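Undergrad: coords below, sequence missing:
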């Protein structure tokens, strides 16, 4: 159900007045923001209290009809956003959450509007951004390390997340195989990657909070600097290296496949920022392993997305096209495996 | 026999009209949707070309490359698999399922010619999929380690 600004105005103004601690609140502007296959974002300008005060610039975020299986409902995403903010991660300042369906018809939360552009194709055409690519990547790596200070049992109330895996890699492999077993088409290339991942799985390591879709497109940049990390609805517990690999998948390099880290710059820059804050020296073998995992996982997720379109009655061209990309991730995983095997002298590079 | 234009020509004309006349006149969501439709026309054209070649092979009494390779990896005869499954596509689906299960069981784990033949086959069919769906992506793949990691 699409949000209709005129219909929700009065109850939303009452909610915002309370949230902002004002007697009254007047919405002076409400426009839908571009992007978001899973979530719907609205820019809201609200005048709270006396008209002399500057209006508040806010973003209202609510679930769209298309719900990804593992995506968190609004109140849980809000809790994650608050936890990230407390850990010092650059995120939009959380303002309020609402689970009362009487306000806009569905749960939503409100956060501060952050200046900046997030659309990759626009950023990649902005010389100021591309000139600062590596510096921005260092900032992104540093923010990731801050996020990873949140660990299970570390005091944050994130009990709604699926319990932290004891063995992130092996549990991910088992989940993906279980999905493939329910799928009507066989996927030998993905099976090959999963078998390789199983045979080379690292010993279980520390588990940290994982954004779940940490990539170019989910960050805002303004004035050649990182301004925030967005879209927390896929947050889960995971391995520290998962996000470092996810950010570097070819699929998320958009128009600049030559720039490994998000089509923005070098992975070395991303790792420098991560190392500066985490104090950990990046392990090249772990990066190679999680690169293969990231591509394989995204290949399986793309099958799940298109499955919702084909079998779930969600008639969306955008979802249908996601399925066309499965082969790209499979091919990258196969290439990385061939390179890894050649490196260890196991097999010739075909 | 059908009259001109043939399917490939129709698809190409529709895509050109969409890109040259419709897309420039649109903005916002409609603009992105029209670009997605243009992509659908490219994919349809590529798939049509591949299917036409496969059909020609079948009509001339040959087995398709994919079926032959799959049967080879599993020690089967392509024509026997085709007859048993009632057609080339059904045989490819059935043998692919067997191959997927064999990979998961570890049958191709030992280094050697069988493993290498499997990897070559998987690279080939996956590359073919990408060439149909998004040929530009072939430039991005396999470059991750150029970054020195």
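TA: Good, I have the coordinates. Small disclaimer: the values here were computed from a predicted structure and weren't measured.
Undergrad: List the buried residues of stretch A:217-234.
TA: The neighbour-count criterion (16 or more other CB atoms under 10 Å in any protein chain shown) identifies A:217-221, A:226-234 as the buried residues of stretch A:217-234. All C-beta spots, glycine's among them, are computed from the backbone N, C-alpha and C.
Undergrad: cool, and stretch A:101-110?
TA: Those would be A:103, A:104, A:106, A:107, A:108, A:109, A:110, for stretch A:101-110 by 16+ other CB under 10 Å.
Undergrad: Need the max-distance pair from the residues you listed.
TA: The two members of the buried residues of stretch A:101-110 with the most space between them (CB to CB) are A:106 and A:110, at 13.7 Å.
Undergrad: where exactly do the helices run in the stretch 151-300 of chain A?
TA: A:168-182, A:188-199, A:240-246, A:267-278, A:284-310 (DSSP state H, counting those that start in this stretch).
Undergrad: Pick the most buried one from these.
TA: helix A:240-246 (a mean of 25; mean count of other CB atoms under 10 Å in any protein chain shown).
Undergrad: Where do the domain boundaries of chain A fall?
TA: The record's domain parsing of chain A by automatic domain parsing lists A:5-112, A:114-162+A:208-282, A:165-206+A:284-350.
Undergrad: And the helices in chain B?
TA: B:7-17, B:28-59, B:65-74, B:78-85, B:88-105, B:113-133 (DSSP state H).
Undergrad: returning to what we had before: is it possible to get a markdown table of the buried residues of stretch A:217-234 that adds pLDDT and distance to chain B?
TA: Below are the buried residues of stretch A:217-234 laid out as a markdown table (pLDDT from 0 to 100; distance: CB to the nearest CB, whole Å):
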| residue | pLDDT | distance to chain B |
| --- | --- | --- |
| A:217 | 95 | 14 |
| A:218 | 96 | 18 |
| A:219 | 97 | 19 |
| A:220 | 97 | 20 |
| A:221 | 98 | 21 |
| A:226 | 98 | 20 |
| A:227 | 98 | 24 |
| A:228 | 98 | 24 |
| A:229 | 98 | 22 |
| A:230 | 95 | 19 |
| A:231 | 93 | 19 |
| A:232 | 96 | 24 |
| A:233 | 93 | 21 |
| A:234 | 94 | 22 |
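Undergrad: one step back: in JSON lines: the helices of chain B, plus mean neighbour count, distance to residue B:144 and mean pLDDT.
TA: Compiled in JSON lines, those are given as follows (neighbours: other CB atoms under 10 Å in any protein chain shown; distance: least, CB to CB, whole Å; pLDDT from 0 to 100):
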{"stretch": "helix B:7-17", "mean neighbour count": "14", "distance to residue B:144": "32", "mean pLDDT": "96"}
{"stretch": "helix B:28-59", "mean neighbour count": "14", "distance to residue B:144": "25", "mean pLDDT": "93"}
{"stretch": "helix B:65-74", "mean neighbour count": "19", "distance to residue B:144": "27", "mean pLDDT": "96"}
{"stretch": "helix B:78-85", "mean neighbour count": "16", "distance to residue B:144": "36", "mean pLDDT": "96"}
{"stretch": "helix B:88-105", "mean neighbour count": "19", "distance to residue B:144": "23", "mean pLDDT": "97"}
{"stretch": "helix B:113-133", "mean neighbour count": "18", "distance to residue B:144": "16", "mean pLDDT": "97"}
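Undergrad: As CSV, those helices with distance to chain A would be great.
TA: Listed next are those as CSV, based on distance: least, CB to the nearest CB, whole Å:
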stretch, distance to chain A
helix B:7-17, 15
helix B:28-59, 5
helix B:65-74, 9
helix B:78-85, 13
helix B:88-105, 4
helix B:113-133, 3
